[in-house]
Structures are given as C-alpha cells and as structure tokens.
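In: Build me a model:
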Amino acid sequence: MDYMMNAVAKHLDSRESDNIDGETIYNATSIQVKIKFGASSMLLCGDCSYASIENIVRSYDAIQLPHHGKPKQAEQIFEKKSDQINSFYVISDNTGNTNGGSDKLDTTGYRVYNTKYEGTITINNSNFLPKTVQTGRTLGM
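Out: Numbers count the residues shown, from 1 in each chain. The predicted structure is shown next:
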C-alpha cells in the first residue's frame, strides 16, 4: 500500500517524472492478484515493477512474470526465489522482442511456461506438484 501511495503522490506532483523504478507510474503500480490452488498460490503481476513485489515473491509457489517476462524484473525474481526449487513461472508474452522482451530472457534452469511458444496455458493443482526437474541455481557445471 505504501508503494502505491508513494507512486500516486509522485504522479500528482508536476515537479516529478512519470516514472518509478524504471517503469511508468501506470505499469509500476499494476494491481497484483493472488490465486489459491489448495495449499499453493500464484501471483499475477501485470506490468508491475519489481520493487512493488520484492517483499512478497517468496510467498508464492508460482509467479506470472511482470511486463511480459521483462528480463531485468524476471532475473530479480529468479534470484530472490533461487532456493525455492519447485517454483514455476508463467510469461504471458504477446510482445516478443518489444515491450518487455522475453526473447532476451534466459530461462535455463527454471520451470517456465511461455504463451508465445505454448499458446494458452492451463494452470491447475498438478502444476504445483514437485517435478523431476528442479528449478533454481545449481553449483558446478
């Protein structure tokens, strides 16, 4: 709530720019939605800035990556959740190389579903079951 109030105050002050945390005020303050799947939960982020969600990303088992999989934000989320090996991520990408640029995002080692390649993605309880391929950072090769 503090983030939203600060962003709105900045937007109303004509001496301030219309950007916050590298996003427009409108994108940075996108509404986030929590969806429950039994004991698991997923965060839908819209185009929000990483700063607006960084204190809550670890609370979710799945995250729809902000701003169509924008690399800078996605990499920050991957880093923050690097030890949560059963997490998965969704990229709602209808932009490719522009307006987000998930084409430039390295998803190696992470369980990522991308609408650009997979079309409509159905999320249900089975997505939250541990997979044989675990995500996150590994040591060595």
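
In: Tell me who's in contact with the most centrally placed residue in the chain.
Out: Centroid check for the chain by Cα atoms, centre = their mean gives residue 65 as the closest residue, at 2.4 Å. The contact partners of residue 65, by Cβ atoms under 8 Å, 6 or more residues apart in numbering, come to 45, 73, 74, 77, 89, 90, 91, 102. Just so you know, the C-beta spots here come from the backbone N, C-alpha and C atoms, and that holds for glycine as well.

In: Show the model's pLDDT score for it.
Out: Residue 65 carries a pLDDT value of 93.

In: ok, and the closest non-adjacent residue to it?
Out: Computed as Cβ to Cβ, 6 or more residues apart in numbering, the closest residue to residue 65 that is not its neighbour in sequence is residue 74, at 4.7 Å.

In: What residues sit buried inside the helix or strand harbouring that neighbour?
Out: Using DSSP states H and E, the element containing residue 74 is helix 71-80. Buried positions in helix 71-80, judged by neighbour count with 16 or more other Cβ atoms under 10 Å: 71, 73, 74, 76, 77, 78, 80.

In: Stretch 44-55 too?
Out: Within stretch 44-55, judged by 16+ other Cβ under 10 Å, the buried ones are 44, 45, 46, 47, 48, 49, 50, 51, 52, 53.

In: My guess is the second one contacts residue 57. True?
Out: The reference is to residue 45. No: assessed by Cβ atoms under 8 Å, residue 45 is found out of contact with residue 57, at 9.2 Å.

In: residues shared between the contacts of the two?
Out: Counting by Cβ under 8 Å, 6+ apart, the contacts common to residue 45 and residue 57 are residue 63.

In: thinking again about what came up before, take the buried residues of stretch 44-55 and keep only those in strands.
Out: Residues of those located in strands (DSSP state E): residue 44.

In: Of the buried residues of stretch 44-55, which pair is most distant in space?
Out: 44 and 51 (17.4 Å; Cβ to Cβ).

In: how about the residue nearest to residue 48 when sequence neighbours are not counted, what does it touch?
Out: Among residues not flanking residue 48 along the chain, residue 30 sits closest, at 4.1 Å (Cβ to Cβ, 6+ apart). Going by Cβ under 8 Å, 6+ apart, residue 30 touches 45, 46, 47, 48, 52, 66.

In: Kind regards, and thank you for your time.
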